[in-house]
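next comes the sequence, and after it the predicted model I'd like to discuss.
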Amino acid sequence: MATKQLTIPMFPLNMVVLPGETVKLHIYEERYKQLINDCLQNEAHFGIPFSINGRVKSHGVEVKIKKVLKIFESGEMDILVQGVSVFSILDYSAVLKPKLYGAAIIEHEEVEETAVSNYLQELAMEYLSLSQNKIIDYDMFKTANVYDIANLLQLSAKEKFQLITVKTFNDKEKFLSNTYRQSICIYEKESELKDRFIFN
C-alpha cells in the first residue's frame, strides 16, 4: 500500500542524513535562513534530498530541527537536525514562489517494523568490537532497525544514498551485510599488520 503524498520544503545537500542520525548544519544562504525560520515558526520538518553537482536525485530524508545551536548577527545559524524518514521525490520545484526556497511532492518509504536478522546483528557486534575494542551488549540490537544498524557504520554519502534507494527490507539487509563484512575484513587485516609490526 502506497503512503500518502505531501509537499514539504527542500534543502538539497550533497549528504544523506539517515533516519535516527543527528548532524549539525550551518545555515548561511538567505533562502535557507528563510526555510529554517519558517520551519521553526510552524514546528515543521523539511527534506534533504541528495544532490550531486547541483542536480537533485530521486530520494532524500525528511528531517526535524532538534535544536538551534547558535544564531549569528548576520542571521546565519548553526542547527542540529535528526533524520526522520526516507522519501522518494515525485515532483520537485527549485523555487516555490513567493518563498525563496524550493519544495517537492514526496512519498514516504513504507517502513517495515521488523527487527534486523540475527546474522546482521552479529556482524554489527563483531564490527563494533573490532572498531571500538570493547565488549558489546547484545540487547542493544534486539529492536534495532536497518537504519539503526546503518548508523553504526561510517558510510559515505553515496553509500547512504544507495541504501535509501534500495526498495525492500531484505535487500537493505543484504547491502548492510556486505558492507559490514567488507569493513570487518579491513579491520582484521589492519590488526594483522599491527601484530606483525609489533612482532618484528
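Alright, I've got the coordinates.

hey, which helix or strand in this protein has the poorest pLDDT?
helix 169-199 (a mean of 80; mean pLDDT, DSSP states H and E).

buried sites along that one?
Buried positions in helix 169-199, judged by neighbour count with 16 or more other Cβ atoms under 10 Å: 169, 172-173, 175-177, 179-180, 183-184. C-beta coordinates here come from the backbone N, C-alpha and C atoms, glycine included.

ok, now stretch 111-122?
115-116, 120-121.

and which of those is nearest A104?
V116 (29.5 Å; Cβ to Cβ).

can you redo the buried residues of stretch 111-122 as a markdown table with secondary structure and distance to M140?
Listed next are the buried residues of stretch 111-122 as a markdown table, based on DSSP: H, G, I helix; E, B strand; the rest coil; distance: Cβ to Cβ, whole Å:
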| residue | secondary structure | distance to M140 |
| --- | --- | --- |
| A115 | coil | 12 |
| V116 | coil | 12 |
| L120 | helix | 14 |
| Q121 | helix | 9 |
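
and those residues, which two are the farthest apart?
A115 and L120 (9.5 Å).

what touches both of the two?
Common neighbours of A115 and L120, counting by Cβ atoms under 8 Å, 6 or more residues apart in numbering, are absent.

pull the contacting residues for L163.
The neighbours of L163, taking Cβ under 8 Å, 6+ apart as the test, are 18, 146, 150, 155, 172, 175-176.

ugh, typo on my part, it should be P9
35, 38-39, 44, 46-47, 96, 99, 101-103.

in a strand, it, correct?
Yes: assessed by DSSP: H, G, I helix; E, B strand; the rest coil, P9 belongs to a strand.

how is the chain partitioned into domains?
5-108, 118-199 (automatic domain parsing).

worst mean pLDDT among these?
Mean pLDDT values for the domains of the chain show the minimum at domain 118-199, a mean of 84.

surely D91 is within a helix?
No: using three-state DSSP, the assignment for D91 is strand, not a helix.

OK, contacts around it?
104-105.

same question, the one 4 residues further on
If you count contacts by Cβ under 8 Å, 6+ apart, V95 has them with 31, 101-102.

dump the residues you listed to a markdown table, plus distance to K70.
What follows is the contacts of V95, written out as a markdown table (distance: Cβ to Cβ, whole Å):
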| residue | distance to K70 |
| --- | --- |
| R31 | 20 |
| Y101 | 21 |
| G102 | 25 |
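
most neighbours among these, please name it.
Y101 (22 neighbours; other Cβ atoms under 10 Å).

re earlier: sitting in helices, which of the contacts of P9 do you find?
35, 38-39 (DSSP state H).

now those: which count as buried?
35, 39.

looking at the ones in helices among the contacts of P9, which is nearest G54?
L35 (17.4 Å).

so what's that closest one up against?
L35 neighbours (Cβ under 8 Å, 6+ apart): 9, 11, 46, 99-101.

ok, so of the contacts of P9, who is nearest V111?
For the contacts of P9, the nearest to V111 is G47 (16.5 Å; Cβ to Cβ).

what's the burial count for that closest one?
With other Cβ under 10 Å as criterion, G47 counts 24.

wait, it sits on L6?
No: using Cβ atoms under 8 Å, G47 is not in contact with L6; the gap is 10.2 Å.
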